[in-house]
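J.: Return atomic coordinates for the entry below.
(one chain, ligands or ions: 1)
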Amino acid sequence: MTGEEPLKLPKGFRKLSVTQRREALREALAPSEERVEALGADHLELADVMIESAVGYLPVPLGIATGFLIDGERYDIPMAVEEPSVVAAATYAGGLISSEGGFSSWASEPIMTAQVFLEGVAEGREAEILRREPQLRAELTAGLASMQARGGGYRDLSVRRLPDSGLVRVHLHIDVRDVMGANLLNTAAERSRALLEEMSGGRALLCILSNDAGRRRAGASFRLPVARLARGSLSGEEAARRIERASLLAQEDPSRAVTHNKGVMNGVSSLALATGNDTRAVEAGVHFWACREGRYRGVTTFRCTEGFLEGSIELPLALATAGGSVGLHPATALALKLLKEPDSPRLCRIAAALGLAQNFAALFALVTEGIQRGHMRHHSARLALAAGAKDEEIRLLAARIAEGGVFNLQAAAELLGQLRKGSP
Ligand code: MEV
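T.: Got it, this is the predicted structure:
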């Protein structure tokens with residue numbers, strides 16, 4: 001294929017077998033295109049049932065942030081992520097915090113919300129839905145029997161008329177236990193449709209889960225003696241003060257808060273991806289939560305108190321440990337095994353601690369040496385590989401690049417030449 005020609009995949013591509021699709025992709029790219037093999041050929045039949053038109057898997061590095069102490073228990077946390085410094089930063093911060101008592105964490109019950117929007121409901125008639133709630137409860141209790149048997153199921157509802165559209169919004173709150181809940185919530189919403197239409201005299205416009213997971217929250221906190229934060233000529237007190245200031249900044253300035261929260265999500269989303277969770281749902285929920293008060297804010301806070309830096313986080317987390325795509329691929333099942341087969345609230349607690357550690361690492365770097373030094377240190381290994389270093393050379397060359405502080409391919413190639421000649 002030349003750069004100008006559009007890619008020609010055959011008609012009915014989605015109807016081919018996964019092997020035929022890969023062949024078609026290779027043909028369309030160029031018969032000699034070898035990178036199709038890089039798409040990962042194991043578990044193809046699984047990819048084929050997970051999504052439509054699958055051609056393989058896109059490999060994302062899986063790393064393990066080791067040695068997190070959370071509620072007195074040790075965890076090694078799997079993280080799938082493409083950004084070089086993320087696992088390193090989590091491991092560093094997790095280790096530092098864990099050496100001083102670790103994280104305390106909590107999680108709420110896994111309550112999610114399904115929405116039914118009704119149009120054409122006469123003024124005041126929405127009260128009828130509340131009056132006849134027991135009928136709806138009975139309907140949903142029957143519909144959610146197996147979830148009910150696992151301790152979850154329908155909990156309650158709320159009804160609101162939306163001021164602009166006049167639509168009546170019914171929220172069904174459901175305990176989904178260890179699943180993310182999308183299928184279950186959508187089924188429940190659709191199951192209650194006819195009854196809600198009859199009760200309200202209106203017609204359902206749409207029924208769907210909400211990714212506002214504000215009732216399924218988790219949090220974590222830690223305390224570090226400020227002495228552990230001293231760096232060079234910067235005292236621990238001053239480093240802690242600067243971290244506190246940076247966290248206040250993320251409460252004040254939304255355009256800083258979004259980057260601050262991106263740092264949190266470096267941890268949370270990497271864990272979500274490693275365990276086969278829906279990263280988009282988790283991220284949508286967190287960003288919605290971040291602006292629940294009308295202004296987008298950071299989801300962590302840091303405070304200095306009597307010789308300690310205290311960090312805490314609270315955020316909605318719809319992380320599942322069963323159902324959907326979670327654990328379906330053996331790699332995600334392995335990730336859950338590494339985490340000691342947690343239930344959903346436990347996974348959410350681990351994610352909260354990881355997100356907090358990730359954010360702490362970012363703020364600590366930002367208010368001390370700056371973020372770029374560490375980032376470029378990690379980038380140097382990529383440069384070494386691109387310059388042609390092999391095996392053990394990669395690490396050696398990366399160290400030389402980082403030491404030299406010149407981060408471009410030409411400098412890397414020169415250093416590789418010197419390395420191979422045995423020059424120091
Ligand atoms: C980079 O992936 C994340 C940071 O930008 C987070 C932050 O600025 O707090 C370093």
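J.: list the contacts for the closest residue to the ligand within the stretch 301-424 of the chain?
T.: Nearest residue of the stretch 301-424 of the chain to the ligand: Ala362, at 3.7 Å (Cβ to the nearest ligand atom). The way it works is simple: take the backbone N, C-alpha and C, and place the C-beta from them, glycine included. Taking Cβ atoms under 8 Å, 6 or more residues apart in numbering, we find Ala362 in contact with 89, 260, 263, 266, 371.
J.: so which helix or strand takes in it?
T.: Ala362 is part of helix 344-367, with elements assigned from DSSP states H and E.
J.: Low-confidence regions, the stretch 301-424 of the chain specifically.
T.: Counting by pLDDT under 70, not a single residue of the stretch 301-424 of the chain qualifies.
J.: need the helices for it, in chain order.
T.: Counting by DSSP state H, counting those that start in this stretch, one finds helices in the stretch 301-424 of the chain at the ranges 330-338, 344-367, 372-386, 392-404, 409-421.
J.: most tightly surrounded among these?
T.: The highest mean neighbour count among these, using mean count of other Cβ atoms under 10 Å, belongs to helix 344-367: a mean of 27.
J.: measure Met199 to His173 for me?
T.: To His173, Met199 is 18 Å away according to Cβ to Cβ, to the nearest Å.
J.: neighbour-wise, which of the two wins?
T.: Each of Met199 and His173 has its neighbours counted (other Cβ atoms under 10 Å); Met199 has more, 24 against 15.
J.: and the more buried one, what pLDDT?
T.: We have a pLDDT of 97 for Met199.
J.: so who does it touch?
T.: 128-129, 132, 135-136.
J.: would you list these in CSV and tack on neighbour count and distance to Leu336?
T.: Supplementary listing: these in CSV, determined by neighbours: other Cβ atoms under 10 Å; distance: Cβ to Cβ, whole Å:
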residue, neighbour count, distance to Leu336
Glu128, 17, 45
Ile129, 24, 39
Arg132, 15, 41
Gln135, 14, 39
Leu136, 20, 35
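J.: which residues does the spatially closest residue to Val226 that is not a sequence neighbour contact?
T.: Leaving aside its chain neighbours, Val226 sits nearest to Gly236 (3.9 Å; criterion: Cβ to Cβ, 6 or more residues apart in numbering). Counting by Cβ under 8 Å, 6+ apart, Gly236 touches 225-230.
J.: three-state assignment of Val116?
T.: Following DSSP: H, G, I helix; E, B strand; the rest coil, we place Val116 in the strand state.
J.: Okay, strands next: where are they in the protein?
T.: Taking DSSP state E, the strands of the chain run over residues 62-70, 73-80, 104-107, 111-119, 153-161, 168-175, 203-210, 217-225, 300-305, 308-316.
J.: Show me how far the second one is from its chain's centre.
T.: Meaning strand 73-80. Put simply, strand 73-80 sits 14 Å off its chain's centre (Cα atoms, centre = their mean, to the nearest Å).
J.: what helices or strands is that strand leaning on?
T.: With contacts taken as 3 or more Cβ pairs under 8 Å, 6 or more residues apart in numbering; DSSP states H and E, strand 73-80 sits against strand 62-70, helix 86-98, helix 254-274, helix 330-338, helix 344-367.
J.: Turn the ones you listed into a markdown table, columns for distance to Ile77.
T.: What follows is those, written out as a markdown table (distance: least, Cβ to Cβ, whole Å):
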| stretch | distance to Ile77 |
| --- | --- |
| strand 62-70 | 5 |
| helix 86-98 | 7 |
| helix 254-274 | 6 |
| helix 330-338 | 8 |
| helix 344-367 | 6 |
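J.: Leu118 contacts Leu162, doesn't it?
T.: No - at 10.3 Å, Leu118 does not count as touching Leu162 under the criterion of Cβ atoms under 8 Å.
J.: what residues do those two have in common as contacts?
T.: Joint contacts of Leu118 and Leu162 (Cβ under 8 Å, 6+ apart) are 168-169.
J.: With neighbour numbers in mind, choose between these two.
T.: Taking other Cβ under 10 Å, Leu118 and Leu162 do not tie; Leu118 has more neighbours (26 against 10).
J.: got the contact list for stretch 79-96?
T.: For stretch 79-96, using Cβ under 8 Å, 6+ apart, the contacting residues are 60-68, 77, 224, 228, 266-267, 269-271, 273-274, 353-354, 357-358, 360-362, 364-365, 374-375, 378-379, 381-382.
J.: hmm, 6 Å instead?
T.: Residues from elsewhere that reach stretch 79-96, judged by Cβ atoms under 6 Å, 6 or more residues apart in numbering: 60, 62-63, 65, 67-68, 266-267, 270-271, 273-274, 357-358, 360-361, 374-375, 378-379.
J.: For that stretch, buried residues please.
T.: For stretch 79-96, the neighbour count (16 or more other Cβ atoms under 10 Å) marks 79-81, 84-94, 96 as buried.
J.: Out of the contacts of Gly236, flag the one nearest to the ligand.
T.: Comparing the contacts of Gly236 against the ligand with Cβ to the nearest ligand atom places Leu229 closest, at 16.4 Å.
J.: isn't that closest one right next to Glu238, touching?
T.: No - the pair Leu229 and Glu238 does not pass the contact test of Cβ atoms under 6 Å, sitting 8.5 Å apart.
J.: higher neighbour count, those two?
T.: Using other Cβ under 10 Å, the more surrounded residue of Leu229 and Glu238 is Leu229, with 22 against 16.
J.: still on that earlier bit, which one of the helices of the stretch 301-424 of the chain lies closest to Pro316?
T.: Smallest distance to Pro316 across those (Cβ to Cβ): 9.0 Å, for helix 344-367.
J.: Leaving out sequence neighbours, find the closest residue to whatever residue of the chain ends up closest to the ligand.
T.: Nearest residue of the chain to the ligand (Cβ to the nearest ligand atom) works out as Gly263 at 2.8 Å. Using Cβ to Cβ, 6+ apart and skipping residues adjacent in sequence, the residue nearest Gly263 is Ala362, 4.0 Å away.
J.: Might you enumerate the residues of the chain proximal to the ligand?
T.: 83, 259-260, 262-263, 266, 362, 366, 371 (Cβ under 6 Å from any ligand atom).
J.: Pop the domain breakdown of this structure in here.
T.: Following automatic domain parsing, the chain resolves into domains at 1-59, 64-108+216-369, 111-210, 373-421.
J.: hang on, the earlier thing: between the helix holding Ala362 and helix 254-274, how many degrees?
T.: 130 degrees (axes from the mean of the first three to the mean of the last three Cα atoms, to 10 degrees).
J.: Using CSV, write out the CA atom coordinates for helix 344-367.
T.: Taking Å, rounded to 0.1, in the frame of the first residue of the first chain, the C-alpha atoms of helix 344-367 are listed here in CSV:
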residue,chain,number,x,y,z
SER,A,344,-15.3,-5.4,43.6
PRO,A,345,-15.1,-3.2,46.7
ARG,A,346,-11.6,-4.5,47.4
LEU,A,347,-10.5,-3.8,43.8
CYS,A,348,-11.9,-0.3,44.1
ARG,A,349,-10.0,0.2,47.3
ILE,A,350,-6.7,-0.9,45.7
ALA,A,351,-7.5,1.4,42.7
ALA,A,352,-8.1,4.3,45.1
ALA,A,353,-4.7,3.7,46.8
LEU,A,354,-3.0,3.4,43.5
GLY,A,355,-4.5,6.6,42.1
LEU,A,356,-3.5,8.4,45.3
ALA,A,357,0.1,7.1,45.1
GLN,A,358,0.3,8.1,41.4
ASN,A,359,-0.9,11.6,42.1
PHE,A,360,1.5,11.9,45.1
ALA,A,361,4.4,10.8,42.9
ALA,A,362,3.5,13.4,40.3
LEU,A,363,3.0,16.3,42.7
PHE,A,364,6.2,15.4,44.6
ALA,A,365,8.2,15.5,41.4
LEU,A,366,6.5,18.6,40.1
VAL,A,367,7.1,20.7,43.2
